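[1] next input, structure requested:
(chains A and B)
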Amino acid sequence: KAGVTQTPRYLIKTRGQQVTLSCSPISGHRSVSWYQQTPGQGLQFLFEYFSETQRNKGNFPGRFSGRQFSNSRSEMNVSTLELGDSALYLCASGAGGTYNEQFFGPGTRLTVL
Amino acid sequence: AQSVSQHNHHVILSEAASLELGCNYSYGGTVNLFWYVQYPGQHLQLLLKYFSGDPLVKGIKGFEAEFIKSKFSFNLRKPSVQWSDTAEYFCAVHSGGGADGLTFGKGTHLIIQP
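    The predicted model follows:
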């Protein structure tokens, strides 16, 4: 089975711009979660989608948003980029059951200049 | 809010030494517990998980972890480490029954010297 794929792998943007990241989950998985990883804050939960609905959201400003399509692929959008948004953004997919075991993709490295 | 503490941020060991990485969490209810590993240049991989049952769980590559409910702990162990175990290790907790994401500890950077 193919793993979780994320595109693009690297991205450079400037402050004020917006960015869209994409994630394709493992085939058959209906849950997609997004995490932000930085050296200072570590791994932080952004939000989770299941069957095209946002199930839960972490403690991030409204500039961070996402969506999930009927084929379970997910996109994450960050508007009005700030320097502090520079991070590795990880996507994880899961079968979506109670136990919420998740499988991670390689991440998208976003650099904001 | 749930929080996860990993006591050691950096650990340096020699090959064949025994390893124990500490992890404590704050949530008092039902939890699912995980250890993930991130090898240099690679993505996060699941080492082992605890959902219920035997509190001593075995994972891949000879790792094991013990869930001690009374201590809110889920420590990772390996009796004899190898150079290839050099990586970042993350403890993560999911509050059972909810739809929250994983709460991660800050990670432990493990370096194994040959």
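
[2] residues in contact with A:Thr5?
    Contact partners of A:Thr5, counting by Cβ atoms under 8 Å, 6 or more residues apart in numbering or on different chains, are A:Cys23, A:Ser24, A:Gly105, A:Pro106. Yep, even glycine has a C-beta here, placed from its N, CA and C like the rest.

[3] most surrounded residue in the residues you listed?
    A:Cys23 (27 neighbours; other Cβ atoms under 10 Å in any protein chain shown).

[4] contacts with chain B among the contacts of A:Thr5, please.
    Checking those against chain B by Cβ under 8 Å from any Cβ of the partner chain, the ones in range are A:Gly105, A:Pro106.

[5] which one of the contacts of A:Thr5 is nearest to chain B?
    Distance to chain B across these (Cβ to the nearest Cβ) is lowest for A:Pro106, with 4.4 Å.

[6] that closest one against B:Leu44, yeah?
    No: when contacts are counted by Cβ atoms under 8 Å, A:Pro106 is not listed as touching B:Leu44 (9.1 Å).

[7] that older thread, inside helices: which ones of the contacts of A:Thr5?
    Residues of the contacts of A:Thr5 located in helices (DSSP state H): none.

[8] now the contacts of A:Thr5 as CSV including distance to B:Leu19 and pLDDT?
    Rendered in CSV, the data for these read as follows (distance: Cβ to Cβ, whole Å; pLDDT from 0 to 100):
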residue, distance to B:Leu19, pLDDT
A:Cys23, 33, 98
A:Ser24, 35, 97
A:Gly105, 27, 96
A:Pro106, 26, 95
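
[9] check the contacts of A:Thr5 and tell me the two furthest apart.
    A:Ser24 and A:Pro106 (11.8 Å; Cβ to Cβ).

[10] shared neighbours, the two?
    Among the neighbours of A:Ser24, those also in contact with A:Pro106 (Cβ under 8 Å, 6+ apart) are A:Val4, A:Thr5, A:Gln6.

[11] pick the one among those residues closest to B:Gln82.
    Nearest to B:Gln82 among the shared contacts of A:Ser24 and A:Pro106, with distances taken as Cβ to Cβ, is A:Val4, at 27.1 Å.

[12] per-residue confidence at A:Asn100?
    You'll see A:Asn100 listed with a pLDDT of 66.

[13] before we move on, the earlier item: out of the contacts of A:Thr5, which sit inside strands?
    Counted as lying in strands by DSSP state E, out of these, are A:Cys23, A:Ser24.

[14] of all the contacts of A:Thr5, which comes closest to B:Lys71?
    B:Lys71 has its nearest neighbour among the contacts of A:Thr5 in A:Gly105, at 33.3 Å by Cβ to Cβ.

[15] can I assume that closest one is in contact with A:Cys91?
    Yes: if you go by Cβ under 8 Å, A:Gly105 and A:Cys91 touch, sitting 4.6 Å apart.

[16] overlap of the contact sets of these two?
    The contact lists of A:Gly105 and A:Cys91 share A:Val4, A:Gln6, A:Cys23, where a contact means Cβ under 8 Å, 6+ apart.
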